[in-house]
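J.: Sequence and computational prediction follow.
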Amino acid sequence: MSDGPPQQTPSIARRGILLVLSSPSGAGKTTLARRLIKADAQLLLSVSVTTRKPRPGEVDGKDYCFIDEAEFQRMRAAGELLEWARVHENSYATPKAPVLSALEAGRDVLFDIDWQGARQLRSAMGEHVASVFVLPPSGKSLERRLRARAQDADSVVAARLAGAATEIAHWSEYDYVLVNADLEESLAGLAAILRAERLKRVRRHGLNAFVRQLVAEL
């Protein structure tokens, strides 16, 4: 017997999530980040600032905000950075203001950052952070992916491969780990992680009011 027409799920206010993706270079985190952003309208991509030069096809202000070392040091000294790291002789950082603004509005922010940035972000933002480490299925596949990009010189590829073991050593600091052997499977896993994190009781601060109203109606 039907209880009547289906009701719309009530909207319950929640805090935004800072979803962190990290991996050794070439493991696929940037591709996963872009695909997830495209599939989820509630998710914003945190655009990092960096002192490295743009790669072919990268757009300033969309992929990264490309700045020089002097501007990076100014932002750091002024307290305008939420986290920062030095990676392969270049500096990367997250501007603080847009992230805090998104959290206040209940929006989720996706971060494509390394373990150093992730550690600083957890220290600064605590329970707002959910972190995912992306592993390649094998060392050989990681090398193939780096060389297939054809965006970096051989010396840069060699440096990234040498640094991969250091990056991977920090996998156990993360809440979740994905082995990216199949992009679609990894994307589905990442979307499931985000859905679960959004449903956590500690993030849904509107539950108290909802439950009080629910009990009052009984």
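T.: Happy to help now that I have it.
J.: Look up how far L36 lies from the nearest residue to D68 once chain neighbours are set aside.
T.: Of all residues beyond its chain neighbours, the one nearest D68 is T51 (6.4 Å), with distances taken as C-beta to C-beta, 6 or more residues apart in numbering. C-betas here are computed from N, CA, C, even on glycine. As judged by C-beta to C-beta, to the nearest Å, T51 and L36 stand 26 Å apart.
J.: try Y174
T.: According to C-beta to C-beta, Y174 and L36 sit 16 Å apart.
J.: All the helices of the protein, in order from the start?
T.: With helices called from DSSP state H, the chain shows them at 29-39, 69-77, 96-104, 115-125, 139-149, 154-168, 183-198, 207-216.
J.: Name the residues that touch the least confident helix or strand in the chain by mean pLDDT?
T.: Between all helices and strands in the chain, the lowest mean by mean pLDDT, DSSP states H and E belongs to helix 139-149, at a mean of 74. Residues outside helix 139-149 that contact it (C-beta atoms under 8 Å, 6 or more residues apart in numbering): 24-28, 136, 152, 157, 160-161, 164.
J.: Please repeat the previous calculation with a cut-off of 6 Å.
T.: When contacts are taken as C-beta atoms under 6 Å, 6 or more residues apart in numbering, the neighbours of helix 139-149 outside the stretch itself are 26, 136, 157, 160.
J.: same check, this time on stretch 162-182
T.: Under the contact criterion C-beta under 6 Å, 6+ apart, stretch 162-182 has outside partners 24, 27-28, 115, 130-135, 137, 186, 189, 193.
J.: How about stretch 75-94?
T.: When contacts are taken as C-beta under 6 Å, 6+ apart, the neighbours of stretch 75-94 outside the stretch itself are 46, 48-52, 72, 96, 99, 114, 116-117, 120-121, 159.
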